[in-house]
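Trainee: next come a sequence and a model predicted from it.
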Amino acid sequence: MRGLTRWLPRRSAFTLDGISPIHLSFTQEEDEIEYRAVIFRSSIIHIRLAFGLATFIAIFYAFFDHLLYENDTELLEWAYAIRFGLLVPAAIILVILTLSNSYQKYSQIAGLFIVIIFGAGWFLLAFRTTPAAVIDNYSSILMTLIYGFFFTGLFFKYSFPAGLCISVLYFLAIVSVNLDSTVETSLITSLSVIFFLLSFAAYQKEFVSRRLFVTETREREARARQAQHDSRYLEWLRSLAKFLRHEVRQPVAQVNSGIELIKVLGKHDAKLSSLLDSAALSTQHIWNLIERASMATDAEAYVRQGASQMVDLRPIIHELVSSYQRTSADLHFSFVCDTSAWVLADPTLVEEAMRNLLNNAVSYAIEQTTIEVTLAVMDRQVVMTVYNRGPLAPADTETLFGLFSSTRAGPVSEHQGLGLYLVRLIAERHGGRAELTNVQDGSGVRASISLPIAATSSTLQPTGIHGRVRT
């Protein structure tokens, strides 16, 4: 016995994801309080409907009492007293109480009360009355069990004892009436089976609900921590970039002035002039790195602050391509789109991403060739593609999406290597992806952005905007 008493506390202390499977409660009190509040907010409308429906059923069944009690005046008076003196007032009072701000505090007690009151009411309507009343109120007791387990907002630790109580009461009602032994056995057996099945289902439902709550809470906390970390990191990068720009600008300018002065004084020394040119290039490179770091932090903040909305990308991309055709004299453009393309995105960010792809294409495209832009819906994705004929990209195209990565960026280059980096930031910000590949025939490069579609296929209609537009 002593060994058993030592074993039981260890078993009851067992938890899974912070939930005690035996007590069906959280080990942390603050989690339990928050869970109860969340469940209450989501179930209060169902609680009111359940109490309201219980009131309607209690009143509606009164029209059939004369049949159940075979016009026995004494039994009819007893039935009306139970219905209108106990069941209906109790349900109406509970409906009114749900409108009170303090109801949440006592919701479990109130739910327990109404289940037991209705169970006791059906018992009193059937106990030592008639076989017809027992059988008719059997359906009422089943509905009360279902309401108790699933619709009155009761947790399992309350619904199980309440359900057990009213089931036992109804067993007494069944045996109190002279029923056929087969009918009596059938009613008791079926009620027992239904009670245990409902208990098991309610236990599983609440246990799974608690586990989902824990998972969602942890994910929400993790996202909050990550957002806080990202915010602090981004702010640190901004501060560092501003500090470096402020502190390094003057020293770099002074170094450059000194180099220029030395070059003037030693202009006849070719070897010294070469070294000074190299030093000047290095200082410019340092300055470019600082400028690029500042631009990168600004780009991340720019993308994070975007506001998504339902938008059709077709007119946006069409207008963008049209603007490029007007400003590029030595290139041709074509735009093909056979459907509307609705996405949930920030239109300004998407336009910026496509502008960067088009800038890349214009920079590398061979003169008098055509830059082909397509917008299509494939596999629940809106795919924007830009293809240009020209030199191929490096074999590992993923490196081009990295920060400060550019085949054109150099110590004194105006290209900061942020174009494709920004494209990927924007695509991932909207749950999509960005890719760049060399065309298999070696004729050029194809870049694309894929975003999740925000409309069903039945809403996609041909637009008729396609074909070749030229400058």
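Mentor: Sure thing, it's come through.

Trainee: please, where are all the helices along the stretch 351-471 of the chain?
Mentor: 419-429 (DSSP state H, counting those that start in this stretch).

Trainee: can you show me the strands along it?
Mentor: Taking DSSP state E, counting those that start in this stretch, the strands of the stretch 351-471 of the chain run over residues 370-378, 381-389, 433-438, 444-452, 468-470.

Trainee: of those, which is nearest H229?
Mentor: The closest of these to H229 is strand 433-438. By CB to CB, the value is 23.7 Å. (Glycine included, C-beta is placed from N, CA and C.)

Trainee: which helix or strand contains S334?
Mentor: Element membership of S334, judged by DSSP states H and E, is strand 332-337.

Trainee: next, the buried residues of that strand.
Mentor: By neighbour count, with 16 or more other CB atoms under 10 Å as the criterion, the buried positions of strand 332-337 are H332, F333, S334, F335, C337.

Trainee: and what of stretch 88-101?
Mentor: The neighbour-count criterion (16+ other CB under 10 Å) identifies V88, A90, A91, L94, V95, T98 as the buried residues of stretch 88-101.

Trainee: chain center to the longest helix belonging to the chain, what's the gap?
Mentor: Here the longest helix in the chain is taken by residue count, with DSSP state H as the criterion, and it is helix 181-265. Relative to its chain's centre, helix 181-265 lies at 11 Å (CA atoms, centre = their mean, to the nearest Å).

Trainee: give the contact list for V115.
Mentor: Contacts were defined as CB atoms under 8 Å, 6 or more residues apart in numbering; by that measure V115 touches T144, Y147, G148, T152, L154, S159, A162, G163, I166.

Trainee: apply 6 Å and report the result again.
Mentor: Each residue near V115 by CB atoms under 6 Å, 6 or more residues apart in numbering is listed here: G148, A162.

Trainee: and if you look at I114?
Mentor: Each residue near I114 by CB under 6 Å, 6+ apart is listed here: L94.

Trainee: and V183, how many neighbours?
Mentor: By other CB atoms under 10 Å, 14 other residues sit near V183.

Trainee: ok, T189 - how many residues close by?
Mentor: Close neighbours of T189, defined as other CB under 10 Å, add up to 10.

Trainee: excluding chain neighbours, what is closest to D72?
Mentor: Closest residue to D72 apart from its sequence neighbours, by CB to CB, 6 or more residues apart in numbering: T130 at 8.0 Å.

Trainee: what score does the one you found have for pLDDT?
Mentor: Predicted confidence (pLDDT) at T130: the value is 88.

Trainee: ok, now how distant is it from L86?
Mentor: The span separating T130 from L86 equals 20 Å under the rule CB to CB, to the nearest Å.

Trainee: returning to what we had before: in CSV, list the strands of the stretch 351-471 of the chain along with mean pLDDT.
Mentor: Rendered in CSV, the data for the strands of the stretch 351-471 of the chain read as follows (pLDDT from 0 to 100):
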stretch, mean pLDDT
strand 370-378, 94
strand 381-389, 95
strand 433-438, 92
strand 444-452, 93
strand 468-470, 44
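
Trainee: for S199, which of those is the nearest?
Mentor: Minimum separation from S199 across the strands of the stretch 351-471 of the chain (CB to CB) falls at strand 444-452, 42.0 Å.

Trainee: how about the residue nearest to D72, phi and psi?
Mentor: The main-chain torsion angles of T130 are listed as degrees, to the nearest 10 and equal phi -130, psi 160.

Trainee: contact partners for A91?
Mentor: Residues near A91 by CB under 6 Å, 6+ apart: F51, A54, T55.

Trainee: and the pLDDT for the nearest residue to it once chain neighbours are set aside?
Mentor: Distances taken as CB to CB, 6+ apart place T55 nearest to A91, at 4.0 Å, with adjacent residues excluded. Model confidence at T55, expressed as pLDDT, equals 85.

Trainee: contacts only, for the closest residue to L198 other than its chain neighbours.
Mentor: Nearest non-adjacent residue to L198, counting by CB to CB, 6+ apart: F149, 4.9 Å away. By CB under 6 Å, 6+ apart, the contact list for F149 reads S159, L198, A202.

Trainee: from memory the last one sits against F155, does it?
Mentor: No - counting by CB atoms under 6 Å, no contact exists between A202 and F155, whose distance comes to 9.1 Å.

Trainee: near Q108, how many other residues are there?
Mentor: Once other CB under 10 Å is used to define contacts, Q108 is seen to have 18 neighbours.
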